[in-house]
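Asker: pasting a predicted model and its sequence here:
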Amino acid sequence: MNAPHRFPGGLTLEPNRAISTRHPVTAVPLPGRLILPLGAALGAPAQPCVSEGERVRAGQCVAEGEDPAVPPLHAPAGGRVAAITAHPAPHPSNLAVTSLVLETDPDAAAEPPWPALDAGADPAALRARIHAAGITGLGGAGFPTAAKLADAAGRVHTLVLNGAECEPWISCDDMLMRTRAAAVLSGGRLLARAVGAGRIVVALEADAEAALEAVTAAADDAIEVITVPARYPAGGERQLVQALTGEEVPAGDLPTTLGILCQNVGTAEAVHRAAIEGRPLTHRHVTVTGDAVADPRVMLAPLGAPFSDLLAAAGGATPGLDRLIMGGPMMGFTVADPAVPVVAATNCILAATTALCPPPQPALPCIRCGACADACPASLQPQQLYWHARGGEVDTLAALGLGDCIECGACAYVCPSHIPLIQYFRHGKAEMADARQARTIAERARERYEARQARLAREAEERRQRREQKKAQARSGGDARKAAVAAALEKRRRRRGTTESDGDDGGRP
Ligand code: SF4
Ligand code: SF4
């Protein structure tokens, strides 16, 4: 069935997926070292629960979050913890983060699998297993899945399994659906159960024909398979929901507001592995592609495998390699060091020449052509956002909806003036966040000041009341004393009067 609606804007791009779907999914040979960054998409980084020099089994938990929302990390292979040290991580900042370096041993023992949960498992038990398995969203955002499910539980009626690739060149979800369709759907049923959703929809792009065939064959009557037009960015959550329902996710909200939860098909497969096969998240499918790699393909890679190992397993880089990108050409970022490891969010390693990803051209003035607005899938006015971002007008940027920009790059792609719009928007968002933080700090300072003023006034009033009380007591105490003195004098006076009259009588003859 085709999606009944469309999302606005978007681009028709050359998918370039055929070159990485020619081979079956290939397992990456076990690297000598795996690097597991301890940073988390949510909350504080996980803390290692093993020490340097310690031997670990494949599947053993090696780091846990102090924050219950931060999922644990498990060793993708057995071996020895060689170091817990700073290592370059796949992140736009290219900064090093604390990582656990594991020297692998192919002969090391593995943890036994957890017992399978049955199809009627309690939703809370399912969410607990998903958390224990360390599952984070495999679509690219890396958000902890159990936290997302806990937030959605009881609030959604529909689970959408998102099989629409987020960018051209990326084909790992396509290959996953071709090869593991039954596991994807099993994971989808478990996810729906974990949040109480009664309807399950698998959404994939219309040109993913082999995946469509595999999923349709594996689906029962309770699962709807819907194709969306192969138009970038069909894989964006908000765009997908709009294409499926015709409804726009309200600004600043999530699809759960409309009763819909989206989960990537890779995440669903990981949930099946955790709940039914009893295995934590230790591997993921990665697209290794581009015009500067000899033999592009989709690989099943252990988390922590260096990008360079995957590149080598795909035949190596070809002459002309200009840069390695994690993600696709539209939203991905350049990694400075090929030793950075695969993480749960690594859906693609794109080896690109300058022909595929040309260096930025000099920006020219905006000619107000409006092409950017036509391309925007979030119905924004990028040229206006650009003007106000240049001026640092954060309130106007917020009012114009910059917060809803998904940084898809469609506007910059079509801009004839080569204006690096995304850079302005990221900067504008950072300024908005700074302004929000400054407002929060100022608001808290104001609340603290007002609370202090109120406390001082209250204390002054209490002191005044105590003084009044003392005065009153003093007054009433003085009156009592006076009364006592008067009574004593009166008594004495009466006694004297009595004595004098007794004396008079005694003097009579
Ligand atoms: S596409 Fe570029 S030149 Fe045209 S209006 Fe947008 S920012 Fe200006
Ligand atoms: S990057 Fe933002 S403003 Fe530009 S097209 Fe995408 S959503 Fe619209």
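Answerer: Happy to help now that I have it. Ligands and ions are numbered 1, 2, ... in the order given.

Asker: going forward, measure contacts between C-alpha atoms and count neighbours the same way
Answerer: Will do.

Asker: low-confidence regions, the chain specifically.
Answerer: 40-43, 497-509 (pLDDT under 70).

Asker: where do the helices sit along the protein?
Answerer: According to DSSP state H, the chain carries its helices in the segments 123-132, 145-152, 172-179, 181-195, 209-218, 237-245, 265-275, 307-313, 371-375, 382-390, 394-399, 410-414, 421-506.

Asker: run the chain-centre distance for the fifth one.
Answerer: Pointing back at helix 209-218 there. 30 Å (Cα atoms, centre = their mean, to the nearest Å).

Asker: again, but for stretch 1-21
Answerer: 25 Å.

Asker: i'd like the first residue to be 56 from this point on
Answerer: That works, and once the first residue is 56, the last one we named lands at stretch 56-76.

Asker: can you give me the end-to-end span of it?
Answerer: End-to-end distance for stretch 56-76: 24 Å, by Cα to Cα, to the nearest Å.

Asker: buried residues, that stretch. List them.
Answerer: 58, 60-66, 70, 72, 74-76 (16 or more other Cα atoms under 10 Å).

Asker: residues near the residue lying closest to Cys227 once chain neighbours are set aside, how many?
Answerer: Spatial nearest neighbour of Cys227, chain neighbours left out: Thr342 (5.2 Å); criterion: Cα to Cα, 6 or more residues apart in numbering. By the criterion of other Cα atoms under 10 Å, Thr342 has 31 neighbours.

Asker: what residues are bridge-paired with Thr342?
Answerer: Val353, Cys403 (DSSP bridges).

Asker: with Glu324 as the reference, measure out to the residue nearest in space to the middle of the chain.
Answerer: Closest to where the C-alpha atoms of the chain average out (Cα atoms, centre = their mean) is Phe198, at 3.6 Å. To Glu324, Phe198 is 16 Å away according to Cα to Cα.

Asker: interface residues of the stretch 206-355 of the chain facing ligand 1?
Answerer: Contact residues, the stretch 206-355 of the chain versus ligand 1 (Cα under 6 Å from any ligand atom): none.

Asker: looking at the stretch 206-355 of the chain, which residue is nearest ligand 2?
Answerer: Pro288 (8.7 Å; Cα to the nearest ligand atom).

Asker: okay, now the residue lying closest to Ala179 once chain neighbours are set aside: neighbour count?
Answerer: By the measure of Cα to Cα, 6+ apart, the closest residue to Ala179 outside its immediate chain neighbours is Ala249, 6.8 Å from it. Counted with other Cα under 10 Å, residues neighbouring Ala249 total 24.

Asker: wait, Ala249 touches Leu204, no?
Answerer: Yes - using Cα atoms under 8 Å, Ala249 is in contact with Leu204, at 6.9 Å.

Asker: list the contacts of the residue of the stretch 206-355 of the chain closest to ligand 2.
Answerer: The contact partners of Pro288, by Cα atoms under 8 Å, 6 or more residues apart in numbering, come to 65-66, 221-222, 294, 432, 463.

Asker: overlap between the residues you listed and the residues near ligand 2?
Answerer: Answer for the contacts of Pro288 near ligand 2 (Cα under 6 Å from any ligand atom): 432, 463.

Asker: between the contacts of Pro288, which is nearest Ala171?
Answerer: Cys221 (31.9 Å; Cα to Cα).

Asker: please report how far the spatially closest residue to that closest one that is not a sequence neighbour lies from Pro59.
Answerer: Using Cα to Cα, 6+ apart and skipping the chain neighbours, the partner closest in space to Cys221 is Gly290 (4.4 Å). Distance, Gly290 to Pro59, using Cα to Cα: 16 Å.

Asker: could you do Glu292 as well?
Answerer: Glu292 is 16 Å from Pro59, by Cα to Cα.

Asker: contacts only, for the closest residue to Met385 other than its chain neighbours.
Answerer: Closest residue in space to Met385, ignoring its immediate chain neighbours: Gly464 at 5.9 Å, by Cα to Cα, 6+ apart. Listed by Cα under 8 Å, 6+ apart, the contact partners of Gly464 are 385-386, 476-477.
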